[in-house]
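fold the following for me, if possible:
(chains A, B and C)
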Amino acid sequence: MPDTKYLIVGSSHAGLAALEAIRLADAEGSITLLSKEGSLPYSPTVLPYVFSGMADADRVFLREDDYFKQMGVDFKRGSAVTELNAQKGQAVLETGETIGFQKALLATGARPQVPKIEGLSDCPFQVLRTLADAKALKSGMESARSAIILGAGLIGMHAAESLCEAGLQVTVVEMAGRVLPGYFDAKASGMIKSIFNEHGVKLLLGSPVTHVVANHNGCGVSLENGLDLSADMIMVATGVIPNWECLENQGIDGAQGVLVDDYMRTGLKNIWAAGDVTRSKSFFDNSPTYSGTLPMAVEQGRIAGASMAEDPGVKPFPGAVPLNTYSFFGNRSFSVGQAMATASGKKTEVNLIHIPSSNSYQKLVFNADRLVGAMGINSELDPGVLWRMIERQVELGDVKEAFAAKPKEIGRLLMNNLWR
Amino acid sequence: MGRSYHTIAFDAQKCNGCQECEKACAQAKAGVTDLVHSRIKVSPGRKEGEWGLALCRQCAQPLCVMNCPGGALSKDPVSGVVSWDESRCVGCKLCTLACAYAGITFNQATGQVMKCDFCGGDPACVKSCERGALQHLTGSDIYNEWGDLEDLFVPGISACLGCNSELLVRHTLRRVGPNTVVATPPGCIAGVGAVGVNGLTATKTPVFHPLLTNTASMLAGARRYYNRIGRDVTMLAFAGDGGAADVGFQSLSGAAERGEQIIFICVDNEGYMNTGVQRSSTTPYGAWTSTTPVGSVLRGKTRDAKPLPIIMLMHNCEYVATASTAYMEDYYQKLEKAILAAKKGMAYVHVFSPCPTGWRLPPARLIEAGRKAVQCNLMPLWEYESATGDMRFTHPVDNPLPVTDYLSMIGKYRHLSAEQTQHIQEHADRQVDLLRKFMQQRMDLAV
Amino acid sequence: MPKTIVCDGNEAAAWGVSRAKPDMVAVYPITPQSSLAEYVSQFVADGIIDADLMDVEGEHSVLSVLQGACLAGARTFTATCGQGLAFMFEPYFRTPPLRLPIVMSIVTRDGITPQCVWGGQQDAMTVREVGWIQMYCETVQEVLDTVILAYRVAEHRDVMLPVNVCHDGNYLSYGVEKVELPDQEDVDRFMGEKNTNWHVALDPERPMGVDPLTGGATGNGPALFVRYRKGSCKAMQNALQVICDVHREWGEQFGRHYAPLVEEYRLDGADFALVTIGSMTGAAKDAVDAAREQGVKVGLIKIKTFRPFPLEAMIQALSKVKAVGVVDRSVSFGWNSGPVYQETLSALYHLKERIPAVSFIGGLAGADITETHLQRVIDVTASLLQGHMPAQPIWLNEND
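Numbering: from 1, shown residues only, chains lettered A, B, ... in the order given. Down below sits the predicted model:
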């Protein structure tokens, strides 16, 4: 007999969503939840707010111990898994301990990718993926006066804002030509960049780094364009790589994310995967894609749990939709779906509103009768409404004009009528 | 057993966009009338006079909670309310991305998200809605209370797909409890195995097949004897319309006249559905059955249904009510009254029971048909209490739907001519009119 | 001290009911039973009977309320006849297989049509195959006594069947006699413990499904159904012994001895016998006595218990004679004779020697069966011994 019916490796959003989905369909099957961390579960997404001071590091936990008791879950902290063996139905922990399982979910997330830049490995640098990282960053910030951040993604930008607010001279170095290149078009990125500039953050875009050196102050960074920068601290925020290594040697390659099907199955017997460790199909073209967002981790976790528990109500994953919300210096923004698209051909239409006085920008992208993407800065639109309209492929038909004119109101009306 | 919760229901038909609810909400939550603070949002619709509503639904599996990285959102297991903890909110707005219904939104005035917290159980918006477009539904209390009661009906009975008899029997038995004798005369409820087959029974209370003709009499005899020996045992009948309105009528009428202490539930599926869909005296005008067939000469039943609930009203039963499984909360309240009334005399409850098999009605639309029947005034929901003489509609329908909304769902009416449809419409109107007249003059049948 | 009273058969039955202490009596009037319903109702009104009086809307409900009450544990009584019995037939039919020990008087009445409100046994005889025990009384005293002892038979663990105590409409219902009313304490001692629903009950303290669908061609259905049927038939046979035991006990305690199944009257040295049932027996015994005085060697066999049919007792009695004349107070339409005659023929099959028998039908619709009629019965039956065989049946009142 295996030790547990369900083994969930990783206790962040995907793992917790799976746990709840399992319990909906199977009130009694034993569940073991493993976390490599010594703490209660928390979200990597909260970490920028921990070091910005917005969140109290002691009050960021997603669940309390009581919760696991009520759910009948054996929650084991400090349990890093080194091997998840499909053939044996067995997990091997770092401690050498083994746990037999009937079904396992890999929800180990990802870790910072450290780019191969000459000299970087010899230089003390910060990353942000764990509560320990956040605390280290926070204490590092206290003695520093300047910082260089490699990468203008969400983590880099959040960190830049916090460091700036803490009074540091901040420079962000990004290889791509604009900030938040995965989510925002040139116009929106430009608006965001201006606001950062207004607050004194220097943004060096389209600037690959050639090498890094440690110096007596902290470190120096040399760019391809010949510029040399120097700061008290350096932070690397150039993306993440999946924590998939416990599946190595079992005939799959998860370096770009463990590929999963519509029910989050890995192809290995009795092993599912969800969240930042996976690659799944894209909603728009079915190609394998890496999401790495919190909402997708939740969606995938729910499906994985339902599939593991053989819930007859399980629905296939509709595909990954790129999406996120992002708030900065008192402004807020969001991006959902094919928001980068530009008007082209007969089918794709773009509806744009830009009000410079209020720093507001709103973009709706249609493909024929359907909404396929939306983006906003300081916009009143409800991103959740728009996401589900896109996902459910709501045919707007004769309401399209009204929607384009009053997207907030008509969007709310449509989704509330579609409630199910 | 999972819990069920109070909810706020919105009837778009009744909303006129006055935004009083928004004002009430802003006032209750921020102490000001600026609607920016309202957590309930009335949205103009696609055309003039159409209104939608965006309001937190306090989801069972709230995605906002699942998507919150700070643990600021949580669902209270007792009240069911999804609550927001300001002190833990990091302002990421992922919750607004997670919610498909704009139930949690950004408040520009405060710079924070906000959502409905149900005003601690007494929502201000509902109280402000004079048109009744918003309703505070508390039916969950009954589900929660009854959910903990023992289920006295076994799983795995053999009802037709979609049949509501199981729903009715299971929930009724939970409430009346094990100290009950249940009679199910020949008919669908006996047919699904309530009494049992070849030595096995489906019911955990004493249960028996009376004759189709003598349900009320057999229960009366048992009840009288229990009274004699000082035991208060509930007598409960689930009889079909044949066992109540047709061949079972004499014993029912006799027992009602004598004031026998019985809860008599007539499960009216408008004919002999268990024996192959033949007509009964409650089969409505125009309906096809296998003995009121449709052909070149005959076009369904030629007479209106016998109005059994009204006939039972005239018996001055202790309690008389009509009910529908499409309105379970209403049914529960009536069952409570019936249980009390049956301590003194007969409680008669007439349950309209659409039949997927015999009515040629898709199983998935059965509850919808039951609801439409009420909304068309074909099956008005009312009750009468002998003790007070009070008679009232429990679900008044001020602007009834046309009967065609109901008839068009159901195969047994497929052949109706315009004249037949007109007849049914007039019958519905007359019936409600008659009931209204009864209610206007205090029903004092006891005198 | 037992009281002596003068009353008719319907009142005697009501007194018997009072002594049996039922929990519930159900009443609905029909001639010639009506005064029995009235006496019972008045006795409840006067506190003589401590029972629920179910004044229901028809005979169908009369028996139905008693079934419900009996399943809850009540001892019950009612009475009916003729069309009332016909209307009651649906619940009547299922009382025996439900094994409910209900006692019901049938104040026998002829059947309609022709429209008729007078005595005759057509009602009781018509339902003889339904499964109730049937005992037919000869006298008003026997009516009173039999109503009481019927409960002992019905509620016996080996029986658990309903009992009809049949007394002839008009003759016994309205005929007045001096009868002895036993003391309540004596009857209480005789009755013992009530036993109505140990085997099947509608009682939340013993929840069970009563009478689920049983039978069909598959599974355990056929075997289960046979088991129930065999049980009912076996109980009916068990009743023969119980009826004898209860009558003997009654005789020992109260000094009134009745032949429980079959009475043999002056069969010693008889060449032939009359077979009678019910109140006609009194006149028939007078006719036999008169014939004996004339030297005619005739005896009489009275059937008291007709269901279960007392086969052994009948064989024993019939084997003492060489010919029988059977007098029926009803007809068997299918056989063109009387039902008692037909059943007597069935018993005769078991004799070593075949003897002739003749069917008489008399006393229909309130008509008298007088000593004169019975003298004719004796004469015709005697002629069988000479090899004569008249056309059958012989309608006694045809030329009245």
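
show the end-to-end separation of stretch A:2-11, please.
21 Å (C-alpha to C-alpha, to the nearest Å).

any residue of that stretch touching chain B?
No - applying C-beta under 8 Å from any C-beta of the partner chain, one finds stretch A:2-11 out of contact with chain B, separated by at least 12.9 Å. Quick note: C-beta positions are derived from backbone N, CA and C, even for glycine.

contact residues of the stretch 201-350 of chain B facing chain C?
Counting by C-beta under 8 Å from any C-beta, the residues of the stretch 201-350 of chain B that sit close to chain C are B:201-211, B:213-214, B:217-229, B:233, B:250-251, B:253-255, B:257-258.

for PyMOL, write the selection for the buried entries among those residues.
The PyMOL selection below is limited to those of these classed as buried (16 or more other C-beta atoms under 10 Å in any protein chain shown):
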select buried, chain B and resi 201+202+203+204+205+206+207+208+209+210+211+213+214+217+218+219+220+221+222+223+224+225+226+228+233+250+251+253+254+255+258
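
now, which of the residues of the stretch 201-350 of chain B next to chain C lie within strands?
If you go by DSSP state E, those have B:207-208 in strands.

wait, what's in contact with residue 396?
The chain I'm using is chain A. A:366, A:369-371, A:403 (C-beta atoms under 8 Å, 6 or more residues apart in numbering or on different chains).

that's the wrong chain, I wanted chain C
C:327, C:360-363, C:369, C:373, C:376-377.

which one of the residues you listed is nearest chain A?
The closest of the contacts of residue C:396 to chain A turns out to be residue C:361 (C-beta to the nearest C-beta; 73.4 Å).

hmm, residue C:325 and the closest one touching each other?
No - the pair residue C:361 / residue C:325 is not scored as a contact, 11.5 Å apart, by C-beta atoms under 8 Å.

counting neighbours, go ahead and name the busier of these two.
residue C:325 (30 against 25; other C-beta atoms under 10 Å in any protein chain shown).

what's near enough to touch residue 300?
I'll assume chain A. A:14, A:17, A:260, A:264, A:274-275, A:278, A:280, A:317.

oops, wrong one, chain C.
Going by C-beta under 8 Å, 6+ apart, the list of residues near residue C:300 reads C:263-267, C:273-276, C:281, C:284-285, C:288.

do the same with residue C:246
C:149, C:152-153, C:156, C:260 are the contacts of residue C:246 under C-beta under 8 Å, 6+ apart.

could you redo the last one with a cut-off of 6 Å?
Applying C-beta atoms under 6 Å, 6 or more residues apart in numbering or on different chains to residue C:246 gives the contacts C:149, C:152-153.

list the buried residues of the helix or strand where it lies.
Under the criterion of DSSP states H and E, residue C:246 resides in helix C:221-254. Judged by neighbour count using 16+ other C-beta under 10 Å, the buried positions of helix C:221-254 are C:221, C:224, C:235-236, C:238-240, C:242-244, C:246-247, C:250, C:254.

can you list the strands that the following helix or strand past that helix pairs with?
Proceeding N to C from helix C:221-254, the next assigned helix or strand is strand C:262-265, under DSSP H and E. Applying DSSP bridges, strand C:262-265 is found paired with strand C:298-303 (antiparallel).

just the CA coordinates of the strand it pairs with, formatted as PDB?
Provided in PDB are the C-alpha atoms of strand C:298-303 (Å, rounded to 0.1, in the frame of the first residue of the first chain):
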ATOM      1  CA  VAL C 298     -82.000 -39.700   9.200                       C
ATOM      2  CA  GLY C 299     -79.300 -37.600  10.900                       C
ATOM      3  CA  LEU C 300     -77.800 -34.100  10.300                       C
ATOM      4  CA  ILE C 301     -74.400 -32.700   9.700                       C
ATOM      5  CA  LYS C 302     -74.100 -29.000  10.500                       C
ATOM      6  CA  ILE C 303     -71.100 -27.100   9.200                       C
END
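
if any of the contacts of residue C:300 are buried, put those into a ChimeraX selection.
Selecting the buried subset of those in ChimeraX, with 16+ other C-beta under 10 Å as the burial test, is done by:
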select /C:263,264,265,266,267,273,274,275,276,281,284,285,288
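
for the contacts of residue C:300, please prepare CSV with the additional fields distance to residue C:80 and pLDDT.
Converted to CSV, the contacts of residue C:300 look like this (distance: C-beta to C-beta, whole Å; pLDDT from 0 to 100):
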residue, distance to residue C:80, pLDDT
C:263, 27, 98
C:264, 32, 98
C:265, 31, 98
C:266, 35, 98
C:267, 35, 97
C:273, 33, 98
C:274, 29, 98
C:275, 27, 98
C:276, 24, 98
C:281, 23, 98
C:284, 27, 98
C:285, 29, 98
C:288, 33, 98
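
find the nearest non-adjacent residue to residue A:195, please.
Once flanking residues are discounted, residue A:195 sits nearest to residue A:329: 5.6 Å by C-beta to C-beta, 6 or more residues apart in numbering or on different chains.

mind listing what's buried in stretch B:286-294?
Buried residues in stretch B:286-294, counting neighbours by 16+ other C-beta under 10 Å, are found at B:286-289, B:292, B:294.

averaged pLDDT, it. What do you get?
Mean pLDDT, stretch B:286-294: 97.

measure it end to end?
So stretch B:286-294: terminal residues 9 Å apart, C-alpha to C-alpha.

count the residues that sit near residue C:397.
Neighbour number of residue C:397 under other C-beta under 10 Å is 15.

sorry, wrong one. I was asking about residue C:368.
16.

rewinding a little: could you dump the contacts of residue C:396 into JSON lines and include secondary structure and distance to residue A:107?
Shown next, in JSON lines, are these (DSSP: H, G, I helix; E, B strand; the rest coil; distance: C-beta to C-beta, whole Å):
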{"residue": "C:327", "secondary structure": "strand", "distance to residue A:107": "97"}
{"residue": "C:360", "secondary structure": "strand", "distance to residue A:107": "99"}
{"residue": "C:361", "secondary structure": "strand", "distance to residue A:107": "95"}
{"residue": "C:362", "secondary structure": "coil", "distance to residue A:107": "98"}
{"residue": "C:363", "secondary structure": "coil", "distance to residue A:107": "96"}
{"residue": "C:369", "secondary structure": "coil", "distance to residue A:107": "99"}
{"residue": "C:373", "secondary structure": "helix", "distance to residue A:107": "104"}
{"residue": "C:376", "secondary structure": "helix", "distance to residue A:107": "107"}
{"residue": "C:377", "secondary structure": "helix", "distance to residue A:107": "103"}
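
what's the most distant pair in these?
Spanning the widest gap among the contacts of residue C:396 are C:363 and C:376, at 13.4 Å by C-beta to C-beta.

got a list of what residue B:161 touches?
Shown in contact with residue B:161 (C-beta under 6 Å, 6+ apart): residue B:363.

looks to me like it is in a helix.
No - according to DSSP: H, G, I helix; E, B strand; the rest coil, residue B:161 belongs to no helix; its state is coil.

and it, how far is that from chain C?
Plainly put, residue B:161 is 21 Å away from chain C if you go by C-beta to the nearest C-beta, to the nearest Å.

confidence score at that residue?
93.

same thing with residue A:1?
Reported pLDDT for residue A:1: 63.

now do the contacts for the closest residue to residue C:212 other than its chain neighbours.
Excluding the flanking residues, the one nearest residue C:212 by C-beta to C-beta, 6+ apart is residue B:196, at 3.2 Å. Residue B:196 makes contacts with B:202, C:209, C:212, as judged by C-beta under 6 Å, 6+ apart.

show me where the stretch 201-350 of chain A has its helices.
Using DSSP state H, counting those that start in this stretch, the helices of the stretch 201-350 of chain A run over residues A:294-308.

how about the residues of it near chain B?
Contacts of the stretch 201-350 of chain A with chain B, taken as C-beta under 6 Å from any C-beta of the partner chain, map to A:294-295, A:298, A:325, A:327, A:332.
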